[in-house]
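*Asks:* I'll drop the sequence and a predicted model, then ask my questions.
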Amino acid sequence: MGEYVRVGAADEVSEGGAADFEVEGAQVAVARVGGKLYAFSDICTHMGCTLVPGGDLDGTEITCGCHGSEFSIETGEVLGGPATQPIEVYPSREVDGEIQIEV
């Protein structure tokens, strides 16, 4: 198991929304859906575009704004191409008004 690190304040990610953060040199996005936090790589595996901002979050699915690749923010699985490789997902939690992810 890794260590949880602070990403940002809990109020930076509203219900149904997502925000992007830099965490230890990596671009990470955090979304809040149904009151639950989801943390995932903010970089599309197809051509390296950012998913947040520029992408479209619909429930627990995000679509890249560059070429339309679709991913599950729960599992990282590719739901629709042209991407063929999944995105990385991270365990996340909210503690004392802070968003934390495990790295």
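*Replies:* Perfect, thanks for sending it.
*Asks:* top strand in this structure by residue count?
*Replies:* The longest strand of the chain (DSSP state E) is strand 26-33.
*Asks:* can you list contacts of that one?
*Replies:* 7-8, 13-22, 37-43, 50-52, 57, 59-60, 62, 73, 90, 92, 99, 101, 103 (C-beta atoms under 8 Å, 6 or more residues apart in numbering). Placement of C-beta: from N, CA and C, glycine included.
*Asks:* all helices for the protein, in order.
*Replies:* Read by DSSP state H, the chain holds no helices at all.
*Asks:* which intervals of it have sub-threshold pLDDT?
*Replies:* Counting by pLDDT under 70, not a single residue of the chain qualifies.
*Asks:* circling back to that earlier point, the longest strand of the chain: which residues count as buried?
*Replies:* 28-33 (16 or more other C-beta atoms under 10 Å).
*Asks:* identify, from those residues, the entry nearest to residue 84.
*Replies:* residue 29 (20.1 Å; C-beta to C-beta).
*Asks:* dig out what the closest one forms beta bridges with.
*Replies:* residue 20, residue 40 (DSSP bridges).
*Asks:* hang on, the earlier thing: export the buried residues of strand 26-33 to TSV and tack on distance to residue 66?
*Replies:* Listed next are the buried residues of strand 26-33 as TSV, based on distance: C-beta to C-beta, whole Å:
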residue	distance to residue 66
28	18
29	15
30	20
31	18
32	24
33	22
